[in-house]
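1. got a predicted structure plus its sequence, pasted below:
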Amino acid sequence: MATPFRYTLLTLSLALVSSALQAQEATLDTVTVTGQEPTGYQAKKAAVAGFDNTPLLDTPASVAVITEARLKDQQARLLSEVLKNDASVGDSYAPVGYYENFVVRGFALNPASSYKINGRTITGEQNVALENKQQVEVLKGLAGLQSGVSEPGGLVNYVSKRPENVRSVTVSTNEQGERYLATDVGGWFGAEQAVGVRLNLAHEDIRSYVEHADGKRDFASLALDWNISPNALLQLNGEYQKREQRSVPGYQLLGGTTLPHGVSPRDLLAYQSWSDPVGIESLNLDGLFEYRFNDAWKASFSASRSRVVIDDYSTFAWGCYGAASCADSALPNHFSAEGDYDISDYRSPDDTRRNEEAQVAINGQFDTGFLKHDLTFGTSAFRRLVDRRQSVNEYIGEGNIYQKPPVLEPYAGPLGPSYRRLDSRQYGLFASDRISFNEQWQTLLGGRQVRLDEETYNIAGDTTRHTRRSVFLPQVALIYKPRPDTSLYASYSKGLSLGGEAAWFSSNADEVLPPTTSRQLEVGIKRDFQHLSLTAALFQITQDLQYNRPNDDGSLTFVQQGKQKNVGLELSANGRLTSDLQVSASVAAIRARVTGSGTDAYDGHQALNVPKLRASLHGDYSIPGVPGLALLGGVQYSGSKYANREGSVKVDDYAVFDLGSRYSTRIGDYDTVLRLTVDNLFDKRYWRDVGESAGDGYLFLGAPRTARLSATINF
């Protein structure tokens, strides 16, 4: 049955079409070009690695930019469908129907601090909508200067579309019968065209390839630009999304030592017809006021608020404590050797995460003798709150991976009370000075002084940990440009990351450990041709290790002990090879090692869920002689990787091929773009994710062959 939001969206879409037709009839003597489809895969600027929209050629860091053209051609709806374009990124607990998590350069991102919209930190426990995004930027590596407390893997920044004269409607479906409708409307108003507005709306009836995992999504966003004066600009953005979909549990090792065989990505483990879907309701707000004093100096104030409420329900497949086949296992946090697993009724409604952030920055250019300075300095404040209920996680029965789950009765007990779990505050003073000695040599000197004040609480309201820490996070880099289109750089940076939380089965259950430190060395080279950008980067990142240490009595204790050092090489090419062919290609080779953990079996081999080699290639070929028709295709390759910390179980390498097409034409009087994509063309079976979450190991199969067809009409 259609939702009221869907009726509203359909009504608005029809109204826009009617409005566009009337406007066309009234202005026959005026030629206005609107709704142009972006086609470029090359990006030359990004905001994620600094405090402004900096040229990538002058950025001493490895940055991937997935442009709007690629987002549209791949018909991406989820971040996983975006980040498959970069070989340095992999899944790290990204189940269907839940919010996604990722690893970059072999280190997991943190939902509390690793995701941003327009440079401001958002609550990462959401699947951010892409309908209103101009591009997605990935800073690979440490980001202490840019973000303060953050993970060493890097940052993901979503860039919102700005107002422009555009009116379009997109409809889409897939082979499961998905129904998708979206509108994109914008324009400039006033006598001087000083105020611009852009509105995006979308409704999606999700039809998943997994049985019983269908869902729905509603989305709305508004962007406002106001050129208050020639020197003053105000930008405001707001987006709301409500998503409901049953989550899909992962598999676990059989007997803790063997991969499951003969299983299908279409199966939903532990399915019970009465179980509720996971509901994720998110609101993201951000604003920027910028004032230019003169040609050299400007100031900015930005602020944001991100709130996510998760109604987390699942009949969850985990462990085999209740199975007779696991009776001899001291800690059966895995499926049995025969494929038996426990089914739990898990409920955690009203799980609320809130991030609030504000920043003031001043930027200016000036000379001291022969030195040219580009200086940015400022201050920031950040707060994260977590309010949640004491979750219900009750055993209700058993299942087997080779059989349909039995019909079980739900847990009938009450929900736990709501309480504040975390109050984390972060204050920062930062400065960054790009000093140019001449046309060839530059140095970047910067740092952020971070003061972290963080408290965790138990259900009784008692403080269980109070961390106060003040750390200086430096970043220094040297850049050499032998020619204007080529740069070489070397950089050093230090990072601070939040401590992890012990799992419920650890001997120190629910303990949140103190922050950890990390360090990075990186050298790279970048070359910009007119329509093609090439990059190469060699990096080394070292971070304090956090893990569940096995004890002599068979128990586990969550500790910080040892180091993980990842050394890697990244190569990328983005842009046009010829006038008809453009590509997006990347390769990442990473050696990830744990040392000094105190558990000999975990040391000295490739780290969990990190392949030694990963590669990605996507192409766009315009067919000569057939105007408007382009052939799209791609392949993602992953080397084999370990599925347990001991390095005794390994999943095979795999290559997944995609194929598609784009046809730009006119239907009636309207520019129309038709797109067809087929992912996993040869229906390859593979394990895409074999990482950990909250101390547990999970195995997730890749999606089977899926096809999607869409039409975008520009009015």
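-> Yes, it's here.
2. when you work out contacts or count neighbours from here on, use the C-alpha atoms and nothing else.
-> OK.
3. so G660 bridges to which residues?
-> Judged by DSSP bridges, the bridge partners of G660 are L632, T677.
4. ok, it touching L674?
-> No. Contact criterion Cα atoms under 8 Å: G660 and L674 do not qualify, at 10.6 Å.
5. looking at the lengthiest strand in the chain now, give me its mean pLDDT.
-> Looking across the chain with DSSP state E, the single longest strand is strand 340-368. Averaging pLDDT along strand 340-368 yields 97.
6. then stretch 314-333?
-> Mean pLDDT, computed over stretch 314-333, is 91.
7. and stretch 224-234, how far out from the chain middle?
-> Distance of stretch 224-234 from the chain centroid (Cα atoms, centre = their mean, to the nearest Å) equals 30 Å.
8. over to stretch 231-249?
-> Relative to the centre of its chain, stretch 231-249 is centred 13 Å away, using Cα atoms, centre = their mean.
9. can you check stretch 313-333 too?
-> Using Cα atoms, centre = their mean, the offset of stretch 313-333 from its chain centre is 31 Å.
10. same question, stretch 442-460
-> A distance of 21 Å separates the centroid of the chain from that of stretch 442-460, by Cα atoms, centre = their mean.
11. circling back to that earlier point, now do the buried residues in the longest strand of the chain.
-> 340-365 (16 or more other Cα atoms under 10 Å).
12. can you name the next helix or strand after the helix or strand hosting G575?
-> In this assignment (DSSP states H and E), G575 forms part of strand 556-576. Sequence order places strand 581-595 as the next helix or strand after strand 556-576, per DSSP H and E.
13. elements contacting that following strand?
-> Applying 3 or more Cα pairs under 8 Å, 6 or more residues apart in numbering; DSSP states H and E, one finds that strand 581-595 contacts strand 556-576, strand 613-622.
14. which stretch among those comes nearest V278?
-> Closest to V278 of the helices and strands packed on strand 581-595, according to Cα to Cα: strand 556-576, at 28.1 Å.
15. average pLDDT for that closest one?
-> 96.
16. and it, how far from the chain's centre?
-> With Cα atoms, centre = their mean, you get 16 Å for strand 556-576.
17. quick one, strands of the stretch 401-550 of the chain?
-> 418-436, 441-457, 463-483, 486-497, 516-528, 532-550 (DSSP state E, counting those that start in this stretch).
18. CA atoms only for the first one - export them in PDB, please.
-> Written as PDB, here are the backbone C-alpha positions of strand 418-436 (Å, rounded to 0.1, in the frame of the first residue of the first chain):
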ATOM      1  CA  SER A 418      16.400   3.900  28.600                       C
ATOM      2  CA  TYR A 419      19.600   5.500  29.900                       C
ATOM      3  CA  ARG A 420      22.500   7.700  28.800                       C
ATOM      4  CA  ARG A 421      25.400   5.500  27.700                       C
ATOM      5  CA  LEU A 422      27.900   8.000  26.500                       C
ATOM      6  CA  ASP A 423      28.600  11.800  26.700                       C
ATOM      7  CA  SER A 424      31.700  12.700  24.700                       C
ATOM      8  CA  ARG A 425      33.000  16.200  24.300                       C
ATOM      9  CA  GLN A 426      35.800  17.300  22.100                       C
ATOM     10  CA  TYR A 427      37.400  20.800  21.800                       C
ATOM     11  CA  GLY A 428      40.100  21.700  19.300                       C
ATOM     12  CA  LEU A 429      42.400  24.500  18.300                       C
ATOM     13  CA  PHE A 430      43.900  24.100  14.800                       C
ATOM     14  CA  ALA A 431      46.300  25.800  12.500                       C
ATOM     15  CA  SER A 432      47.600  25.000   9.100                       C
ATOM     16  CA  ASP A 433      50.100  27.000   7.000                       C
ATOM     17  CA  ARG A 434      51.000  26.200   3.400                       C
ATOM     18  CA  ILE A 435      54.300  28.000   2.800                       C
ATOM     19  CA  SER A 436      55.500  28.400  -0.800                       C
END
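19. name the residues of that strand that are buried.
-> For strand 418-436, by 16+ other Cα under 10 Å, it's 418-436.
20. got the angle between it and strand 463-483?
-> Comparing the axes of strand 418-436 and strand 463-483 via axes from the mean of the first three to the mean of the last three Cα atoms, to 10 degrees yields an angle of 20 degrees.
21. also the fourth one?
-> Counting by the same axes, to 10 degrees, strand 486-497 points 170 degrees away from the direction of strand 463-483.
22. ok, residues contacting strand 486-497?
-> By Cα atoms under 8 Å, 6 or more residues apart in numbering, the residues outside strand 486-497 that reach it are 57-58, 60-61, 142-144, 148-152, 471, 473-481, 515-528.
23. and A191, how many residues sit next to it?
-> Neighbourhood size, A191 [other Cα atoms under 10 Å]: 7.
24. likewise for D225?
-> D225: 21 neighbours (other Cα under 10 Å).
25. my read is that it contacts G187, right?
-> No. Assessed by Cα under 8 Å, D225 is found out of contact with G187, at 10.3 Å.
26. where do the contact lists of the two overlap?
-> Shared contacts of D225 and G187, counting by Cα under 8 Å, 6+ apart, come down to P163, G196, V197.
27. now a ChimeraX select for only the buried ones of the residues you listed.
-> Filtering the shared contacts of D225 and G187 down to the buried ones (16+ other Cα under 10 Å) takes a single ChimeraX command:
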select :163,196,197
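28. grab the most central residue of this structure for me.
-> Geometric centre of the chain, nearest residue: L79, 5.1 Å, by Cα atoms, centre = their mean.
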